[in-house]
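Engineer: Sequence first, predicted coordinates after that:
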Amino acid sequence: MSSMLQSRWWSWGFRSAVMLYFMILIVFPILGIYGKSLSAGWSTFADNIVEPLAWKAVTLTIKLAVIATIINVFVGTMSAWVLVRYRFPGRRLLNSLVDLPFALPTAVAGLMILLLLGPHSLVGEWAEKLGFTILFHQPAIIIAMIFVTFPFVIRAVQPLLEEMDTSEEEAAYTLGATKAVTFWKIILPNMLPGILSGAMLAFSRALAEFGAVVLVAGNIPGKTLIASVYIFGEIESDNTIGATAVSVVLLTFSFLILWTVNYVQMRGGNG
């Protein structure tokens, strides 16, 4: 009897500690952001969101994040296909480098892009000869977003390709299906849940990226000022309510994307 009580107390204490840790680390900060953004009332909250600079920053961030996500969907899916279906020298090294953006500090990533695209680099000099500048313009922001979100699609698609039963492909080829038909009818439907979930996670990550883009983005509203840089500027200007209002917009987007990802994964698992 005493051992059962000890086991129950241990189980209850363990679950309570995990829940307390979760509440302190995640729930309370999120509630704090929502509470601070609404502390001055709904009208002030709405004014901070529809304020021209804030709204332009949010819409620009969404547009650039969508572009970066689309590029990552195509490049990430092809990369996952190559890493799973082909064997070549350096494959393991390449596979390990995929996770580099997860391990690398985002400020270091921004510095790498700054040095790569700067006016004194080969790419920067080549761009200047063609009459345009990459750094501190939208292409640099997109490149930074692509870099930090690159692993999401690859790591979401890879397990699906590895677990895919090749007998379905072989049966399709035996029945006379071409490689294109086999890909669209058999392979792509199996990869689609991973592509969608990876794309949505990449989009959510790109929305909130700061460290990598702050070094390569500008501050021109509607052109190079993205939401995370705008939030940082509002905090420096001691306008925390305005900063939290824009943060709530991004946070709500992230929640919606997270729920959608879970739904897609559940549908994929049931299928």
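Structural biologist: Noted; the coordinates are in hand.

Engineer: Mind giving me the packing neighbours of the biggest helix by length in the chain?
Structural biologist: Counting residues, the longest helix found in the chain (DSSP state H) is helix 52-85. The elements that helix 52-85 packs onto, with contact taken as 3 or more Cβ pairs under 8 Å, 6 or more residues apart in numbering; DSSP states H and E, are helix 42-50, helix 91-97, helix 138-163, helix 188-208, helix 227-236, helix 240-270. To be clear about C-beta, it is placed using only N, CA and C from the backbone, and glycine gets the same treatment.

Engineer: As JSON lines, these with mean pLDDT and distance to residue 221 would be great.
Structural biologist: Formatted as JSON lines, the helices and strands packed on helix 52-85 follow (pLDDT from 0 to 100; distance: least, Cβ to Cβ, whole Å):
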{"stretch": "helix 42-50", "mean pLDDT": "85", "distance to residue 221": "14"}
{"stretch": "helix 91-97", "mean pLDDT": "89", "distance to residue 221": "36"}
{"stretch": "helix 138-163", "mean pLDDT": "90", "distance to residue 221": "13"}
{"stretch": "helix 188-208", "mean pLDDT": "88", "distance to residue 221": "18"}
{"stretch": "helix 227-236", "mean pLDDT": "88", "distance to residue 221": "9"}
{"stretch": "helix 240-270", "mean pLDDT": "81", "distance to residue 221": "13"}
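
Engineer: Which one of the ones you listed lies nearest to residue 128?
Structural biologist: Of all the helices and strands packed on helix 52-85, helix 138-163 sits nearest to residue 128, with 13.6 Å by Cβ to Cβ.

Engineer: ok, back up a step: dump the helices and strands packed on helix 52-85 to TSV, plus distance to residue 130.
Structural biologist: Putting the helices and strands packed on helix 52-85 into TSV (distance: least, Cβ to Cβ, whole Å) gives the following:
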stretch	distance to residue 130
helix 42-50	38
helix 91-97	30
helix 138-163	12
helix 188-208	27
helix 227-236	27
helix 240-270	34
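
Engineer: For residue 12, find the nearest of the ones you listed.
Structural biologist: Of the helices and strands packed on helix 52-85, nearest to residue 12 by Cβ to Cβ is helix 240-270, at 27.4 Å.
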